[in-house]
Structure formats: C-alpha cells, structure tokens
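**Student:** pasted the sequence and its predicted model underneath.
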Amino acid sequence: MIKTVSKNGKIMAKTGNEAIAEAMRQIEPDVVAAYPITPATEIVQIFSQFVSDGIVKSKYIAVESEHSALSATIAASAAGSRAMTGTSSQGLCYMSEMLYIASGLRLPIVMTDVNRAISAPINIHADHSDTMSVRDSGWIQIYSENSQDAYDNIIQAVKIAERAMLPVIVTMDGFIISHCMEVVEVYRDIDVKKFVGIYKPKRYLLDIKNPYTLGSIDLQDYYFEHRYQLAKAVVDSKKIILDVAEEFKELFGREYDLCEKYMIDDAEIAMIVLGSTAGTIKDEIKKIREEGIKIGLLKIRIYRPFPVEQVVENLKNIKVVAVMDRSDSCSGAFSPLYSDVVSSLYSHGIIDIKVVNYIYGLGGREINNLHIKNICDDLNKILLGIEKQPYEVKYVNIRKK
Amino acid sequence: MINKKIKINNERMFVDELITGDIVDAGTSIYFKTGSWRSEMPIFDKKKCVNCLICWISCPDSSIKISFDTKNITNVDGIDYDHCKGCGICASECPTKSITMIEEKK
Ligand code: SF4
Ligand code: SF4
C-alpha cells in the first residue's frame, strides 16, 4: 500500500499508463510525437485527449510510425523544445535507428517504453527484450517496479536528461504495471512544475542569432572524440541521477538510488532483478527469511548507466547469486543483466562468488512466489555444496522434458 | 566566438574542447574543399545567361557564385570550383544552355 509522503500528495487509483500520462500532463512538454502500440497506447491516447481538451499547451504530433515519432521528437528537441514520446516492443525496434541519432546528438528526449516481448511469434505481454535490444544505444534506462516508480521516474527523467544531455527511457512491464490499477501518490501540479523547471538548452537550432551545424558528417578526425564524449556522459550521469534523486526526495519525500537493496546487507545468497518481479521476490524473501535462510535482493533501477560500483559493493560478501534476466540475448553465451553483473564483479577482482543466470517470464510467462522459492532452494543447495553451480543458463517455468 | 576555435591545417581539437555531439559552427563546409571530387566540369557562358537563378537554386553544393549590381539586381558570376562537385544539375536545368559540362582535366 502506497502512503502519501509528500505534504501535498494525493492518493489516486491509477494504472501505470494513467500514471505516466498524468506525469506528462504535469510536466507539460512542448512537443509530444507518438504512435500507438499495445500496451503503451493509453499513454499517448490519454495525453492527446489532454491536448485536444486544451488542458495542456503541448503540441501533439500524430505521426504515421514510430520511426517518424522519434524523428519528430528529435527535431523538436534539436529545435530547442522539451520533447517526449512513448512506445513498446516493435515500436521501439522501429525507432532503433533514430535512438542512436538522439543520443549521438545529445538530445534530452524522455520516452516511456512499456516493456513487451518482441515478435515473432506475436506476443503483447511483458518481457524486457525490447529495451535490452537497445541497451547500448547511449540512452539512460530506468526500470520501474510499480506505477508509483514509473510516475516518479518519468518526472526525474526530465531533469536527468536535460542535465546529462542524454535521452532517457523509463520502462515499466507491460500489463503487469501498465494496466494494473494501483494506488499512486500524485503530487501537486505546481510542485512537479517547480521540480522539472523550465528547459533552457545550451544551444538550439531555432536560436537564429547563434547558428550551428547538427548531424553533419564526422569522420576519422572527430567521430571517435564525439563517441568518447557520449560514453563518458553516460558514466558521468550516475552522479546526476543521484543528485536528481536527492532533489526529488527533498521536494516529494520518496527515496531513489541507482539500485535498491532489500535485506541484502547480511545475506549469503541473493537475487538480482529488474522491474516488476522485484515485488514478487521481496514478498517471497520475507517468507524465506523466516526459515532462517539469509537471502537478499538487489533491484537494479538504473540499468544504463550500469551501477557497477553498487553491484560490486553489495555482492562482494555474497556466496551465491541468481541473476534474473527477463530477456534472452540468444547469444550462445549469457543474457544481458548476467553479463553486466559478472563483468562488474570480475573487473573488481570478486571472483569466488557463484553467479547463476536465470531467464524467466518471456512473453509474460508467469513468475510467482513458488518459482522464486525454487530458485532460492537451488541457490541454497549450491551454497551448501549439495549441488554444483550450473554452467549454462537456467530457464524458469518452461515446459521441458 | 566559436568560429575562432576552428583549427584548420590538421590541428585538431581535444575531446574536452569539443562541443558535445555536434559541429562547432554553422557554415563550416566552406573549409572543406570538394572541388577535387569532380570528373566533369561546368563551364559558364556569361553572354547567354539571363540571370534567372535556376542554376543557383538547383545547385546542391551552393557553388553558383552570385553578386548584386548597382540596381540591386542579382547576377550570376560563375562557378565556385573549390566546392563544385561536377554533378551537372546546373547544366541540365539551365533553360538557355549557358552552362555546359566538359571533361575535367587534372
Ligand atoms: S555541376 Fe553541380 S555542383 Fe557544380 S555548380 Fe553545377 S550544380 Fe553545382
Ligand atoms: S540557369 Fe542558366 S540562365 Fe539561369 S542564371 Fe543559371 S546560367 Fe544563367
């Protein structure tokens, strides 16, 4: 149950999509360009209603595809306006080419991606394949556990993007969050507006007194430096994200970090996860703890930039870890989150920890307390030396003989 | 102010001096001479030209040179061979055939 923490907050029943649309109404960006796709349709549907009812002054551009949605958003941002969009799954894939343009041009666009499986076969339910497929596009990626997270994250994303000069994707799991009615604390419009402030870009194309060139050819002489700038900006954005979280806490009372720790300080075994499944795991951990098993959770909130230092700090005393991926990289090796966790640990000399890769929930396949319990049992057996650490990826709740 | 920072003659800016993600100034293509890419060369005949400016508006490389006379009328003066890539669009578009393409001699 969410409680008000802000003095002037109001508890409301909202789905994840409604919460995002509400935040967008309060942020009131200059331009929104989007194309509908399940399960993200409602966000732009509700927002476009706000526009047509005159509730917001934002310019809404109804485009004919996601590629155009992001292209229009990029143009709007380059022109000097605060621009937002939203999509899911195939839509994000279709935006893919333009994602790299947005980050390469250092445009602070904010987008919501409602996580959904990628075709084929067609599936409209939650997994992280879409955002994972663009994890190296130079966008900051923020994962949300519930509607409150999604609402808070999108408000913070505006500030993070503009300070870091990087585009930001805020994600939430399709249907599980996007369509699930929850209580959300909604802040006052005036407070949200005060928090995000007025966007003052350092340079913008419509500033005709100071013309400059954007997006021109950049070969052997400067491309490498520009890409280095982008990579460095992503690393440096960790501090910006923490600063914004601090300011958010001051005004609204909710605390955010790059990761969220749950009963991990004294744990021997642990799980790492992104998104809504963190809630299920927390619930099960509470029960498992009663049996005296020292288990904890590290929820990754900010996946890009990857919180290397926090992962190392929180895992260095853990013996066995399950890294829970809700996407399969089909790489012949391991999945995205696992690869990032293991390389973080190894680069910091933490090598005597057993890390197991679990893939779960593809296409919305159920993941419930029992599955979590079984994983915990596996980890415990490895801890006690009853079983050996598996060297390959484990698939949770798959029908297999 | 930014313009002065452009270093020509292979002197390159360091990563920290570079403005993020974009080029320092507008109109920097002037420093990049593309004339050597030509395999054909436009030849302009001033006598035939009626200053309709169709070539000027059509040239993708802004390589048609113009000036204003005392009555403020725009005149076509010729071709900027430092930047003309020899695409032939001007020759093809000119209604009076004042521009003809010849083979580029190096
Ligand atoms: S040949 Fe092409 S580039 Fe050269 S002046 Fe004519 S139109 Fe311009
Ligand atoms: S198109 Fe031909 S006639 Fe017209 S301005 Fe150019 S050269 Fe002259």
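**Tutor:** That came in fine, so what should we check first? Ligands and ions are numbered 1, 2, ... in the order given.
**Student:** contact residues of chain B facing ligand 2?
**Tutor:** Taking CB under 6 Å from any ligand atom as the measure of proximity, chain B contacts ligand 2 at B:Cys49, B:Val50, B:Asn51, B:Cys52, B:Leu53, B:Ile54, B:Cys55, B:Val76, B:Cys94, B:Thr96, B:Ser98, B:Ile99. Glycine gets a C-beta too; all of them are placed from N, C-alpha and C.
**Student:** highest neighbour count among those residues?
**Tutor:** When neighbours are counted by other CB atoms under 10 Å in any protein chain shown, B:Cys55 leads the residues of chain B next to ligand 2 with 25 neighbours.
**Student:** so what's that one up against?
**Tutor:** When contacts are counted by CB atoms under 8 Å, 6 or more residues apart in numbering or on different chains, B:Cys55 touches B:Ile64, B:Val76, B:Cys90, B:Glu93, B:Cys94, B:Ser98, B:Ile99.
**Student:** just those residues: which are in strands?
**Tutor:** Within the contacts of B:Cys55, residues falling in strands by DSSP state E are B:Ile64, B:Val76, B:Ile99.
**Student:** would you turn those residues into CSV with pLDDT?
**Tutor:** Shown next, in CSV, are those (pLDDT from 0 to 100):
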residue, pLDDT
B:Ile64, 98
B:Val76, 97
B:Ile99, 98
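**Student:** can you tell me which of the residues you listed is nearest chain A?
**Tutor:** Closest approach to chain A among the ones in strands among the contacts of B:Cys55 (CB to the nearest CB): B:Ile64, at 21.4 Å.
**Student:** check contacts around that closest one.
**Tutor:** Applying CB under 8 Å, 6+ apart, we find B:Ile64 in contact with B:Cys55, B:Trp56, B:Val76, B:Gly78, B:Ile79, B:Asp80, B:Cys90.
**Student:** just the buried members of the residues you listed?
**Tutor:** B:Cys55, B:Trp56, B:Val76, B:Gly78, B:Ile79, B:Cys90 (16 or more other CB atoms under 10 Å in any protein chain shown).
**Student:** for these, could you give me CSV that also reports distance to A:Asp378?
**Tutor:** Below are those laid out as CSV (distance: CB to CB, whole Å):
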residue, distance to A:Asp378
B:Cys55, 75
B:Trp56, 74
B:Val76, 80
B:Gly78, 80
B:Ile79, 75
B:Cys90, 73
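**Student:** in helices, which of the residues you listed fall?
**Tutor:** Under the assignment DSSP state H, these contribute B:Cys55, B:Trp56, B:Cys90 to helices.
**Student:** so what's the residue nearest to the second one when sequence neighbours are not counted bridging to?
**Tutor:** Counting by CB to CB, 6 or more residues apart in numbering or on different chains, the nearest residue to B:Trp56 once its immediate chain neighbours are dropped is B:Ile64, at 4.2 Å. With DSSP bridges applied, the residues forming beta bridges to B:Ile64 are B:Ile79.
**Student:** and A:Tyr303, what are its phi and psi?
**Tutor:** Backbone torsions for A:Tyr303, taken as degrees, to the nearest 10, come to phi -90, psi -30.
**Student:** check the buried ones among the contacts of B:Ile64 against ligand 1, which are close?
**Tutor:** Applying CB under 6 Å from any ligand atom to these, those adjacent to ligand 1 are B:Ile79, B:Cys90.
**Student:** closest to A:Lys7 out of the buried ones among the contacts of B:Ile64?
**Tutor:** B:Trp56 (64.5 Å; CB to CB).
**Student:** so where's the chain uncertain?
**Tutor:** Looking at chain A here, since you left the chain open. Where chain A drops to pLDDT under 70, the residues are A:1-2.
**Student:** you looked at the wrong chain, it should be chain B
**Tutor:** Using pLDDT under 70, chain B drops low at B:1-10, B:23-24, B:106.
**Student:** quick one: the strands in it?
**Tutor:** For chain B, the strands defined by DSSP E occupy B:40-44, B:64-68, B:74-79, B:99-103.
**Student:** contact residues of the stretch 51-200 of chain A facing chain B?
**Tutor:** Within the stretch 51-200 of chain A, the positions near chain B by CB under 8 Å from any CB of the partner chain are A:Gly104, A:Leu105, A:Arg106, A:Met165.
**Student:** about what we covered before: quick one: the residue nearest to B:Trp56 and B:Gly86, what's the gap?
**Tutor:** Distance of B:Ile64 to B:Gly86, given as CB to CB, to the nearest Å: 13 Å.
**Student:** what's the answer for A:Cys259, then?
**Tutor:** According to CB to CB, A:Cys259 stands 59 Å off from B:Gly86.
**Student:** what about those two, which has more around it?
**Tutor:** B:Gly86 (23 against 20).
**Student:** how close does the closest residue to that one other than its chain neighbours sit to B:Asp61?
**Tutor:** Excluding its sequence neighbours, the residue lying closest to B:Gly86 (CB to CB, 6+ apart) is B:Arg38, at 3.4 Å. B:Arg38 sits 11 Å away from B:Asp61, taking CB to CB as the criterion.
**Student:** got any residues that touch both of those two?
**Tutor:** Here B:Arg38 and B:Asp61 have B:Cys84, B:Lys85 as joint contacts, going by CB under 8 Å, 6+ apart.
**Student:** check the secondary structure at the closest residue to A:Lys316 other than its chain neighbours for me.
**Tutor:** Nearest non-adjacent residue to A:Lys316, counting by CB to CB, 6+ apart: A:Ile350, 5.3 Å away. Assigned with DSSP: H, G, I helix; E, B strand; the rest coil, A:Ile350 falls in the coil class.
**Student:** ok, A:Asp243 next?
**Tutor:** Of the three states, A:Asp243 takes helix under three-state DSSP.
**Student:** what's the closest non-adjacent residue to it?
**Tutor:** Among residues not flanking A:Asp243 along the chain, A:Arg163 sits closest, at 7.8 Å (CB to CB, 6+ apart).
**Student:** helices or strands next to the host helix or strand of that neighbour in the packing?
**Tutor:** For A:Arg163, the host element (DSSP states H and E) is helix A:147-164. Contacting helix A:147-164 under the criterion 3 or more CB pairs under 8 Å, 6 or more residues apart in numbering or on different chains; DSSP states H and E are the following elements: helix A:16-27, strand A:110-115, strand A:140-143, strand A:168-173, strand A:182-186, helix A:189-196, helix A:223-252.
**Student:** now stretch A:116-131, how far from the centre of its chain.
**Tutor:** Distance of stretch A:116-131 from the chain centroid (CA atoms, centre = their mean, to the nearest Å) equals 16 Å.
**Student:** pull out the buried positions in that stretch.
**Tutor:** Within stretch A:116-131, the residues scored as buried using 16+ other CB under 10 Å are A:Arg116, A:Ala117, A:Ile118, A:Asn123, A:Ile124, A:His125, A:Ala126, A:Asp127, A:His128, A:Ser129, A:Asp130, A:Thr131.
**Student:** thinking again about what came up before, figure out which of the strands of chain B is closest to A:Lys159.
**Tutor:** Nearest to A:Lys159, of all these, is strand B:64-68, at 47.9 Å by CB to CB.
**Student:** quick one: is stretch A:209-228 near chain B?
**Tutor:** Yes. Stretch A:209-228 comes into contact with chain B (CB under 8 Å from any CB), by way of A:Pro211, A:Tyr212, A:Thr213, A:Leu214, A:Gly215, A:Ser216, A:Asp218, A:Asp221, A:Tyr222, A:Glu225, A:His226, A:Tyr228.
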